[in-house]
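**Q** A predicted structure for the sequence below; I have some questions about it.
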Amino acid sequence: MRWIEVNDYQEMSRQAASLFEQQLLRKPDSVLGLATGGTPLGFYEELVRKYKQGYFSFSEVKTFNLDEYVGLASNESTSYHNYMEENLFSQIDISPDNIHLPNGLAEDLLAECAHYEQLIQQYGGIDLQLLGIGVNGHIGFNEPGTSFHSATHIVTLAEETRIENSKYFHTKQEVPRYAITMGIETIMQAKQIVLLAFGEHKMASIKRIQQDGMSEDFPASCLKEHPNVTIIYGK
Ligand code: GLP
């Protein structure tokens, strides 16, 4: 595990974008695993800035997002589809066919999970996966107690997650109760992982990864077994 402590948010975003830049230069047709949330906003800005300056292209890139809420249409402002469109996809030269997020409106959600998992394998797996971290240690939407052997699945969101994420909705009642997320095993199969955490409120989670052993009660602790993880953090 590589630990990079940064002094400010900007530096975290730049360091993360630089790892993605190196990946795209090494392999222009990379399969990227992407994340949402407040933490990676600066990272996406930096990535778009470098793309616009001509450092790399997304024309051959494929993306798979970690998760999506169940029951939100992709054009709803709070959906992760919409977040990605606004913060990245609408600003780069990626082909819409190469963009993948779980469909939270699928009629058969179990079939959607199996299909998503199979699609990732079909593309040869994820080369570089971006992660944030929830205050309870969740990665993607894998809440405490999720099996380390889980594939893409439906989750019931923890109450603390719904409260934490309610800042993106008008009211807490609006926060969906369910989501589809890549599983812990799906994430662990990525060849390289970068986890971003910024702010005082995330430091307890970072310390737990650093100091505690692996436990399904703290999902991000699975990363301790991954051969190529970089954690970029600061407060
Ligand atoms: C959501 C996402 C996670 C993300 C987490 C932290 O629950 N599903 O992938 O890491 O929020 O979000 P933030 O960066 O806003 O703290």
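**A** Arrived safely. Since the model is a prediction, treat every value here as computed from it, not as a measurement.
**Q** so L19 touches N228, yeah?
**A** No. Using C-beta atoms under 8 Å as the test, L19 is too far from N228 to be in contact (10.7 Å). Using the backbone N, CA and C atoms, a C-beta is placed for each residue, glycine as well.
**Q** neighbour count for those two, which is higher?
**A** When L19 and N228 are compared for neighbours, L19 comes out ahead with 17 against 12, by other C-beta atoms under 10 Å.
**Q** is it true that that one lies in a helix?
**A** Yes. Under DSSP: H, G, I helix; E, B strand; the rest coil, L19 falls within a helix.
**Q** which element is the closest residue to H201 other than its chain neighbours on?
**A** Spatially, and ignoring its direct neighbours in sequence, H201 is nearest to V135 (6.1 Å; C-beta to C-beta, 6 or more residues apart in numbering). V135 is part of no helix or strand when elements are defined by DSSP states H and E.
**Q** please apply the same query to G33.
**A** Here G33 is covered by strand 31-34, with elements defined by DSSP H and E.
**Q** ok, residues contacting stretch 134-146?
**A** 35, 66-67, 131-133, 150, 155-158, 160-161, 164, 179-184, 187, 195, 201-202, 204-205, 208, 216-223 (C-beta atoms under 8 Å, 6 or more residues apart in numbering).
**Q** check contacts around M182.
**A** Residues near M182 by C-beta under 8 Å, 6+ apart: 33, 64, 66-67, 116-117, 120, 140, 151-152.
**Q** could you dump those to JSON lines with pLDDT, distance to the ligand and secondary structure?
**A** JSON lines is the format used below for these (pLDDT from 0 to 100; distance: C-beta to the nearest ligand atom, whole Å; DSSP: H, G, I helix; E, B strand; the rest coil):
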{"residue": "G33", "pLDDT": "99", "distance to the ligand": "11", "secondary structure": "strand"}
{"residue": "F64", "pLDDT": "99", "distance to the ligand": "13", "secondary structure": "strand"}
{"residue": "L66", "pLDDT": "98", "distance to the ligand": "5", "secondary structure": "coil"}
{"residue": "D67", "pLDDT": "98", "distance to the ligand": "5", "secondary structure": "strand"}
{"residue": "Y116", "pLDDT": "98", "distance to the ligand": "15", "secondary structure": "helix"}
{"residue": "E117", "pLDDT": "98", "distance to the ligand": "17", "secondary structure": "helix"}
{"residue": "I120", "pLDDT": "98", "distance to the ligand": "16", "secondary structure": "helix"}
{"residue": "G140", "pLDDT": "98", "distance to the ligand": "5", "secondary structure": "coil"}
{"residue": "A151", "pLDDT": "98", "distance to the ligand": "17", "secondary structure": "coil"}
{"residue": "T152", "pLDDT": "98", "distance to the ligand": "14", "secondary structure": "coil"}
